[in-house]
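Q: Got a predicted model here, sequence first, then my questions.
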Amino acid sequence: MSLVSLVKIQEKQFKKAIIDSLQLIDYNFPKVQNIVIKPNMCYYWDYTTGCTTDPKFVGNLIDVLREQISPKVNISLVESDASAMKCDRAFKILGYDQLAQQYNVPLINLCNEKSDKATTTVGKTKITLQVPYIIKDADLKINATKIKYSMEPIKITCAMKNIFGCIPYPQKYRYHPFLSEVIVAANKLMKFDLCLVDGQIIQGAQTRKMDMAMASTDQVALDAVAAKLAGVNPKSIKYLQMASKEGLGRISFKNRGIPWEYFGGIFPRRGTKEKFMAKAYEMVNKMHLERRLMLD
């Protein structure tokens, strides 16, 4: 079984939480030269909403990398434009411009980077995506993500959905009719080595301070734990089932650190009312998507 750790963040001590979470999964950083970190910057909502990765979490991760690998290691923070989000604007609004200056690291808009086409098969579906060279050539790829509810059929957003954001194509809504397949394809073509969750603040049915950090080298297992925290059966999530069949990871896991049931007990889960509202929103969003595709 794959190891997934959960630890408590004590008084915003991100660095200790990151180190503790990595020790629990027996992780040792390899000696590398080029590292990319992919935070979750899905929109312009800052970290206090629970929707985006706290830049302080990423800053402490950079400290850990420089201490445990080398002060001279090359670290890049990567993100791409989305259907309703301009990456360069998000860097500024979410505090990553300031972080980049403080830590002397580049901010990379993947839509402006050189990339190459790559093709993979998910089930019987052949999918071709652009893969940025900076990701392809990185020695170590780190996924610094969040846990959130999402629309059907993916139900939750965590490690694997965050890599969907690496696709250097702004109009990602075009992938929504076959979103699960594209999420799996993106993770096959851009395999990240380490997944960390900034769970200090979680956006569920409400926004709640949970002071949690997670770590795993298996993005499927980590997403399975995230689903359980949110009260969702991992086996009901299409992309997780597909990813498991494609050999990307395991839905089964071994929990180290604080039992997932503790954080599951305080996770702001959706009740009947929230599920109904989410379903209504999904139907409206689907109609808008279909109309937009027709207009395009």
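A: Nice, thanks for sending it over. Numbering: from 1, shown residues only.
Q: And residue 130, which helix or strand is it part of?
A: Here residue 130, judged by DSSP states H and E, is contained in strand 125-132.
Q: quick one: the strands in the stretch 101-250 of the chain?
A: Here the stretch 101-250 of the chain has its strands, by DSSP state E, counting those that start in this stretch, at 107-109, 115-122, 125-132, 140-145, 148-149, 156-157, 194-203, 207-216.
Q: For those strands, give me CSV that also has distance to residue 30.
A: To be clear about C-beta, it is placed using only N, CA and C from the backbone, and glycine gets the same treatment. Compiled in CSV, the strands of the stretch 101-250 of the chain are given as follows (distance: least, C-beta to C-beta, whole Å):
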stretch, distance to residue 30
strand 107-109, 22
strand 115-122, 24
strand 125-132, 21
strand 140-145, 7
strand 148-149, 30
strand 156-157, 28
strand 194-203, 10
strand 207-216, 16
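Q: With distance to residue 230, mean pLDDT and mean neighbour count added, can I get these in JSON lines?
A: Shown next, in JSON lines, are the strands of the stretch 101-250 of the chain (distance: least, C-beta to C-beta, whole Å; pLDDT from 0 to 100; neighbours: other C-beta atoms under 10 Å):
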{"stretch": "strand 107-109", "distance to residue 230": "30", "mean pLDDT": "98", "mean neighbour count": "18"}
{"stretch": "strand 115-122", "distance to residue 230": "24", "mean pLDDT": "98", "mean neighbour count": "14"}
{"stretch": "strand 125-132", "distance to residue 230": "27", "mean pLDDT": "97", "mean neighbour count": "17"}
{"stretch": "strand 140-145", "distance to residue 230": "14", "mean pLDDT": "98", "mean neighbour count": "24"}
{"stretch": "strand 148-149", "distance to residue 230": "6", "mean pLDDT": "95", "mean neighbour count": "20"}
{"stretch": "strand 156-157", "distance to residue 230": "5", "mean pLDDT": "94", "mean neighbour count": "24"}
{"stretch": "strand 194-203", "distance to residue 230": "9", "mean pLDDT": "97", "mean neighbour count": "25"}
{"stretch": "strand 207-216", "distance to residue 230": "12", "mean pLDDT": "98", "mean neighbour count": "22"}
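Q: Out of the ones you listed, which is closest to residue 73?
A: Checking the strands of the stretch 101-250 of the chain against residue 73 by C-beta to C-beta gives strand 140-145 as the closest, at 8.7 Å.
Q: Which residue is the nearest non-sequential neighbour of residue 198?
A: Leaving aside its chain neighbours, residue 198 sits nearest to residue 57 (4.2 Å; criterion: C-beta to C-beta, 6 or more residues apart in numbering).
Q: For the one you found, pull up the helix or strand it's in.
A: Short version: residue 57 belongs to helix 55-68, going by DSSP H and E.
Q: buried ones in the helix or strand just after that helix?
A: Per DSSP H and E, helix 55-68 leads on to strand 74-79 as the next helix or strand towards the C-terminus. Using 16 or more other C-beta atoms under 10 Å as the test for burial, strand 74-79 gives 75-79.
Q: go on, stretch 159-171?
A: So stretch 159-171, judged by 16+ other C-beta under 10 Å, has buried residues 159-170.
Q: now do stretch 266-273
A: Buried, per 16+ other C-beta under 10 Å, within stretch 266-273: 267-270.
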